[in-house]
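Visitor: Sequence unavailable; structure follows:
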Ligand SMILES: [Zn+2]
């Protein structure tokens, strides 16, 4: 944080430019209403100072996995994460390498970030499925049990919130849900990690 005290820090300059850009984007008063990024307390009524916001933005840039992110939740509806057996792990007595996300049949399922579609398919286990690669995070998101074939094809570039398909219950499925996996590296067969901490941090889709 010492770099915050020097005007030579390129990060700080970038952050201040970010604040200026934010100020242009937000309605009047929104900056004053934004939550403080820690520090600078005790000045009630002043809102958030530029350095506070700069620190917040630096935190967003530096701590992709430690701070709120701009990624969106892959299900475009309020989500029920079920119980322990719907989570990542061995609660079922066998590995479950994703998180089940319950929402109404037909709910759009979305790319959480800027991604590239790497593979789509359909089989008796996964149902209609798709895998999209997030180059920035170097991980792949896998969607299973979609109601119909993916609405995207390998090679497509997706922005956060772009539709991958529709939530359904094809393949090995009991009740409409998205089985969502997060795998390291590019492709649907990397090491699976628990999606839930990411999902809880990503913005609910609107
Ligand atoms: Zn599942």
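Guide: Nice, I can see it. Note that this is a predicted model, so its numbers are computed, not measured.
Visitor: low-scoring stretches of the protein, by residue?
Guide: Across the chain, residues meeting the criterion (pLDDT under 70) sit at 1-69, 205-206.
Visitor: Which strands or helices does the host helix or strand of residue 141 pack on?
Guide: Element membership for residue 141 (DSSP states H and E) is strand 139-146. Here strand 139-146 touches strand 127-134, strand 163-166, strand 177-184, going by 3 or more Cβ pairs under 8 Å, 6 or more residues apart in numbering; DSSP states H and E. Glycine gets a C-beta too; all of them are placed from N, C-alpha and C.
Visitor: Adding mean neighbour count and distance to residue 73, write those strands out as CSV.
Guide: As requested, the helices and strands packed on strand 139-146 are exported to CSV (neighbours: other Cβ atoms under 10 Å; distance: least, Cβ to Cβ, whole Å):
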stretch, mean neighbour count, distance to residue 73
strand 127-134, 24, 14
strand 163-166, 20, 13
strand 177-184, 23, 10
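Visitor: and of those, who's closest to the ion?
Guide: strand 177-184 (3.4 Å; Cβ to the ion).
Visitor: Give me the residues contacting that closest one.
Guide: 74-75, 82, 86, 97-103, 109, 126, 138-146, 167, 169, 173, 188-195, 198-199 (Cβ atoms under 8 Å, 6 or more residues apart in numbering).
Visitor: so where do the strands sit in this protein?
Guide: Using DSSP state E, the strands of the chain run over 99-102, 108-110, 115-123, 127-134, 139-146, 157-158, 163-166, 177-184, 192-193.
Visitor: Can you lay out these as JSON lines showing distance to the ion?
Guide: As requested, the strands of the chain are arranged in JSON lines below (distance: least, Cβ to the ion, whole Å):
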{"stretch": "strand 99-102", "distance to the ion": "4"}
{"stretch": "strand 108-110", "distance to the ion": "14"}
{"stretch": "strand 115-123", "distance to the ion": "15"}
{"stretch": "strand 127-134", "distance to the ion": "11"}
{"stretch": "strand 139-146", "distance to the ion": "7"}
{"stretch": "strand 157-158", "distance to the ion": "22"}
{"stretch": "strand 163-166", "distance to the ion": "16"}
{"stretch": "strand 177-184", "distance to the ion": "3"}
{"stretch": "strand 192-193", "distance to the ion": "11"}
